[in-house]
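**Q** What shape does this take:
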Amino acid sequence: MQSVDIFPETNSIYYGDNKKLLSAMIKRTVNPKFIYLDPPFFTKKDRAGKVALSYEGSKINLTIPAYEDCWEGLFDYLLNIGITLYLCREVLNSKGVLCLHVDFRTVHYFRIIFR
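**A** Coordinates of the predicted model:
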């Protein structure tokens, strides 16, 4: 995975704050041909991963925070994702593809936003 400061010519995956990354791409005139977004699904729950560790016969189960999916309301959620979608539109190649992974809770709102 690449740093925000490095933009190779092709075939790169970026991990990080999407607004910072997209803003940096706009400043450097980087125009990807494919953007995939997988935002939280507006479940109103914080998510965590469970990890089981064992060492010399001792076992411990850890719960590690993964991401927050709590918002002040639907408007706050849609506004946050909407800003990201606007930045994607600004940076995306004119022949590029944007894929947005959402579920049944918000898909109808995003269909309207995309129109």
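**Q** Run through the neighbouring helices and strands of the helix or strand hosting Ala24.
**A** Assigned by DSSP states H and E, Ala24 belongs to helix 18-27. Secondary-structure packing of helix 18-27 (3 or more C-beta pairs under 8 Å, 6 or more residues apart in numbering; DSSP states H and E): helix 74-91. Just so you know, the C-beta spots here come from the backbone N, C-alpha and C atoms, and that holds for glycine as well.
**Q** what's the helix it packs on in contact with?
**A** Here helix 74-91 makes contact (C-beta atoms under 8 Å, 6 or more residues apart in numbering) with 18-19, 22-23, 25-26, 30-32, 35, 37, 39-40, 42, 71, 98, 100, 106, 109-110, 113-114.
**Q** do stretch 55-69 as well
**A** So stretch 55-69 is contacted by 40-54 (C-beta under 8 Å, 6+ apart).
**Q** Buried among those residues? Make that a ChimeraX selection.
**A** This is how ChimeraX selects the buried members of these, with burial counted by 16 or more other C-beta atoms under 10 Å:
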select :40,41,42
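**Q** Alright, I will stop here.
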